[in-house]
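1. model this:
(one chain, ligands or ions: 1)
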Amino acid sequence: MKLQVAMDVLTVEAALELAGKVAEYVDIIELGTPLVKNAGLSAVTAVKTAHPDKIVFADMKTMDAGELEAEIAFAAGADLVSVLGSADDSTIAGAVKAAKAHNKGIVVDLIGVADKVTRAKEARALGAKFIEFHAGLDEQAKPGYNLNVLLSAGEEARVPFSVAGGVNLSTIEAVQRAGADVAVVGGSIYSADDPAVAAKELKAAII
Ligand SMILES: O=C(CO)[C@H](O)[C@H](O)COP(=O)(O)O
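-> Numbers count the residues shown, from 1 in each chain. Sure, this is the predicted structure:
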């Protein structure tokens with residue numbers, strides 16, 4: 001299982017600083033949606049230039065204009081770009097077309113999708129490289145939030161998948177047991193007292 005750090009910071013400087021601390025322990029470096037919105041796609045270029053050996057994920061969360069939005073992110077240096085599972089099939093297909101042109105990949109993010117198992121299979125058939133079973137920051141803050149719901153859905157869908165939703169040191173083993181290909185970790189790394197130590201411990205917990 002790969003480890004993906006989600007950098008939900010707001011500036012290129014903060015992203016480069018965080019990536020510099022954790023890169024040796026992670027496989028995928030994600031530029032979070034707030035970062036891409038605040039700093040623009042030049043942030044993707046800066047991180048890919050600093051870490052050319054890492055898989056760089058632009059969390060575009062594209063909802064429309066799939067081919068165009070994926071194209072500009074790949075052109076900026078992204079290796080993976082996210083499209084929302086709630087988007088129209090044509091949006092996902094357009095993004096996949098751009099990915100194929102660049103020999104890169106699209107990740108379909110199931111945030112907010114009610115029937116995640118069905119949509120995961122559909123998105124995979126449309127050409128997504130893998131599917132992100134995701135509960136966003138707002139959903140995580142709601143009472144009763146339970147990561148296990150995501151893990152069960154991921155297991156059931158039988159597609160290549162990642163899991164994002166407050167994954168931490170105490171849950172990463174369960175993510176792996178569920179068969180995830182990628183564990184996505186944001187807050188548990190970037191909010192840690194020492195992000196490098198947090199990333200190192202998470203990596204060590206992966207068998
Ligand atoms: O995409 C996101 C929010 O929409 C986050 O980056 C993702 O949820 C991972 O962060 P955390 O581990 O803090 O949940």
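2. I'd say residue 135 and residue 109 touch.
-> No. Here residue 135 lies out of contact with residue 109, judged by C-beta atoms under 8 Å, at a distance of 10.8 Å. To be clear about C-beta, it is placed using only N, CA and C from the backbone, and glycine gets the same treatment.
3. Which helix runs longest in the protein?
-> In the chain, assigned by DSSP state H, the helix with the most residues is helix 89-102.
4. Low-confidence regions, this structure specifically.
-> By pLDDT under 70, the chain has no low-scoring segment.
5. For it, which residues are neighbours of the ligand?
-> 6, 8, 32, 59, 136-137, 140, 164-167, 184-188 (C-beta under 6 Å from any ligand atom).
6. how about a cut-off of 8 Å?
-> Neighbours of the ligand within the chain, by C-beta under 8 Å from any ligand atom: 6, 8, 30, 32-33, 59, 61, 109, 111, 134-137, 140, 164-168, 184-191.
7. Counting only strands, which of these make the cut?
-> Within the residues of the chain next to the ligand, residues falling in strands by DSSP state E are 6, 30, 59, 61, 109, 134, 164, 184-185.
8. export these to TSV and tack on distance to residue 18?
-> Converted to TSV, these look like this (distance: C-beta to C-beta, whole Å):
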residue	distance to residue 18
6	10
30	11
59	14
61	20
109	21
134	20
164	17
184	15
185	12
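9. Redo the residues you listed as JSON lines? Include neighbour count.
-> Below are these laid out as JSON lines (neighbours: other C-beta atoms under 10 Å):
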{"residue": "6", "neighbour count": "23"}
{"residue": "30", "neighbour count": "31"}
{"residue": "59", "neighbour count": "27"}
{"residue": "61", "neighbour count": "20"}
{"residue": "109", "neighbour count": "28"}
{"residue": "134", "neighbour count": "25"}
{"residue": "164", "neighbour count": "28"}
{"residue": "184", "neighbour count": "26"}
{"residue": "185", "neighbour count": "27"}
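10. Show me which pair in the residues you listed is furthest apart.
-> The span of these, defined through C-beta to C-beta, is set by 61 and 185 at 17.8 Å.
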